[in-house]
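J.: fold the following for me, if possible:
(chains A and B)
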Protein chains: 2
Amino acid sequence: MTPLRSWRELEPGRRFDFGTIALGQEAIIAYAREFDPQPFHTDPVAALDAPLFGGLVASGLHTMGACFGRIMGSGLFAQVSLGGSRIDTRWPNALRPDEEFSLEGEVLAAEAHRKRPGMGVVTMRYTGTRLADGAVVISMEGTQFLRE
Amino acid sequence: MTPLRSWRELEPGRRFDFGTIALGQEAIIAYAREFDPQPFHTDPVAALDAPLFGGLVASGLHTMGACFGRIMGSGLFAQVSLGGSRIDTRWPNALRPDEEFSLEGEVLAAEAHRKRPGMGVVTMRYTGTRLADGAVVISMEGTQFLRE
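T.: Prediction:
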């Protein structure tokens, strides 16, 4: 992905395509054992009894991490990213092993930091959409600080 | 931790102490390489030039995962957790390697699910407070579904 050179290249409405992602069962279990140990994330058999899921689903934190791994790994923000301060994340639908979803980013707002010269405050919405049925599996609104 | 038997045991204002957490430099780097590859999370030398941090800091996603690993690993929700749908997370201050922070949970709201009998919708705020100076390093407001 072509790296941004300044936050000023980001105008509201601009969109970025981060490709598709899927999480395998082994990776889902390994992540959840450390960071979200609940049977519907770690035990495919016990997960069958989970009232809301009826089977193994990815920890939402894992889905979130996989998205940021992709976003930051793309290089888009590599020359400008200074950090972030908030992410508001929703998981409207559960993600099961090997389900592919597309990841897209959209600029919601971009403005100069009120106190720090040379810094922009950008609000992005990242949306993960399952290819099979168009269901949103993750939606994140994040505040990022970027270089001018 | 004594496991909850029903969401009805959670009244607003009730607090839970999840102990203290610290993330070592190796763990910070390993997590960020996969889930948040940015120099101020993965490279102690390059991180010295990071304008907002001036040194290596934990990926906010890693801090979040470590907190949920502790919360879910405590067993508090083991008999009642059905999943979650939203977490709004803020990182007001950066967390550096080996900095210890305490993790506390507070019930903000708890009510019966409007459509699903036998299910409660609980809003929790989890706060991570650095022991050295009392600075908040993570604050999460999460919506969880729990059994009756």
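J.: sec struct for the spatially most central residue of chain A, please.
T.: By CA atoms, centre = their mean, chain A has its centre lying nearest to A:C67, at 3.6 Å. Three-state call for A:C67 (DSSP: H, G, I helix; E, B strand; the rest coil): helix.
J.: correct me, but it touches A:M140?
T.: Yes - between A:C67 and A:M140 a contact is recorded at 7.0 Å, counting by CB atoms under 8 Å. Where you see a C-beta, it was placed from the backbone N, CA and C, and this is true even at glycine.
J.: spit out the residues that contact those two alike.
T.: A:Y126 (CB atoms under 8 Å, 6 or more residues apart in numbering or on different chains).
J.: check what pLDDT A:G75 gets.
T.: Note for A:G75: predicted pLDDT of 98.
J.: next up, the contacts around it.
T.: A:M1, A:P3.
J.: and it, that's in a strand?
T.: No - applying three-state DSSP, one finds A:G75 to be coil, outside a strand.
J.: quick check: phi and psi on it?
T.: In terms of degrees, to the nearest 10, the main-chain angles of A:G75 are phi 90, psi -10.
J.: do the same with A:I71
T.: Torsion angles, degrees, to the nearest 10, at A:I71: phi -60, psi -50.
J.: I figured it hits A:G84, correct?
T.: No - contact criterion CB under 8 Å: A:I71 and A:G84 do not qualify, at 10.9 Å.
J.: ok, how many other residues are close to the residue nearest to A:G65 when sequence neighbours are not counted?
T.: The shortest distance from A:G65 to any non-neighbouring residue, by CB to CB, 6 or more residues apart in numbering or on different chains, is to B:F35 (3.5 Å). Other residues near B:F35 come to 25 when the count uses other CB atoms under 10 Å in any protein chain shown.
J.: isn't B:F35 right up against B:M64?
T.: No - if you go by CB under 8 Å, B:F35 and B:M64 don't touch, sitting 10.5 Å apart.
J.: against A:W91, how distant is A:S74?
T.: From A:S74 over to A:W91 the distance is 22 Å, taken as CB to CB, to the nearest Å.
J.: give me the sheet partners of whichever helix or strand A:E141 is part of and which way each runs.
T.: Assigned by DSSP states H and E, A:E141 falls within strand A:136-147. Here strand A:136-147 is paired, per DSSP bridges, with strand A:81-90 (antiparallel), strand A:119-130 (antiparallel).
J.: what sits against A:A22?
T.: By CB under 8 Å, 6+ apart, the contact list for A:A22 reads A:D98, A:E99, A:E100, A:F101.
J.: correct me, but the third one touches A:I21?
T.: Yes - with contacts defined as CB under 8 Å, A:E100 counts as touching A:I21 at a distance of 7.1 Å.
J.: settle it for me: which of the two has more neighbours?
T.: A:I21 (19 against 13).
J.: who does the more buried one form a beta bridge with?
T.: A:F101.
J.: other SSEs contacting whatever helix or strand A:L61 lives in?
T.: With elements taken from DSSP H and E, the one containing A:L61 is helix A:60-73. Helix A:60-73 is packed against strand A:15-21, helix A:25-35, strand A:81-90, strand A:101-112, strand A:119-130, strand A:136-147, helix B:25-35, helix B:60-73, with contacts defined by 3 or more CB pairs under 8 Å, 6 or more residues apart in numbering or on different chains; DSSP states H and E.
J.: let's see that with 6 Å instead.
T.: Applying 3 or more CB pairs under 6 Å, 6 or more residues apart in numbering or on different chains; DSSP states H and E, one finds that helix A:60-73 makes contact with strand A:15-21, helix B:25-35, helix B:60-73.
J.: just the residues contacting it, thanks.
T.: A:18, A:21, A:31, A:35-36, A:89, A:91, A:95, A:103, A:126, A:138, B:34-38, B:61, B:65 (CB atoms under 6 Å, 6 or more residues apart in numbering or on different chains).
J.: same thing but at 7 Å, please
T.: Outside of helix A:60-73, the residues within contact range by CB atoms under 7 Å, 6 or more residues apart in numbering or on different chains are A:18-19, A:21, A:23, A:28, A:31-32, A:35-36, A:89, A:91, A:95, A:103, A:105, A:126, A:128, A:137-138, A:140, B:34-38, B:61, B:64-65, B:68, B:84.
J.: okay, A:P37 and chain B: tell me how far apart.
T.: 5 Å (CB to the nearest CB, to the nearest Å).
J.: report pLDDT for that residue.
T.: With respect to pLDDT, A:P37 scores 98.
J.: tell me the contacts of it?
T.: B:G69, B:M72, B:G73.
J.: return the helix holding A:L61 as PDB; C-alpha atoms alone will do.
T.: The C-alpha atoms that make up helix A:60-73 are tabulated as PDB, following Å, rounded to 0.1, in the frame of the first residue of the first chain:
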ATOM      1  CA  GLY A  60     -13.300 -10.400  19.500                       C
ATOM      2  CA  LEU A  61      -9.900  -9.200  20.700                       C
ATOM      3  CA  HIS A  62      -8.300 -11.700  18.300                       C
ATOM      4  CA  THR A  63     -10.300 -10.400  15.400                       C
ATOM      5  CA  MET A  64      -9.300  -6.800  16.400                       C
ATOM      6  CA  GLY A  65      -5.700  -7.800  16.600                       C
ATOM      7  CA  ALA A  66      -5.700  -9.500  13.200                       C
ATOM      8  CA  CYS A  67      -7.200  -6.300  11.700                       C
ATOM      9  CA  PHE A  68      -4.600  -4.100  13.200                       C
ATOM     10  CA  GLY A  69      -1.900  -6.500  12.200                       C
ATOM     11  CA  ARG A  70      -3.100  -6.100   8.700                       C
ATOM     12  CA  ILE A  71      -3.600  -2.400   8.800                       C
ATOM     13  CA  MET A  72      -0.200  -1.600  10.400                       C
ATOM     14  CA  GLY A  73       1.500  -4.300   8.300                       C
END
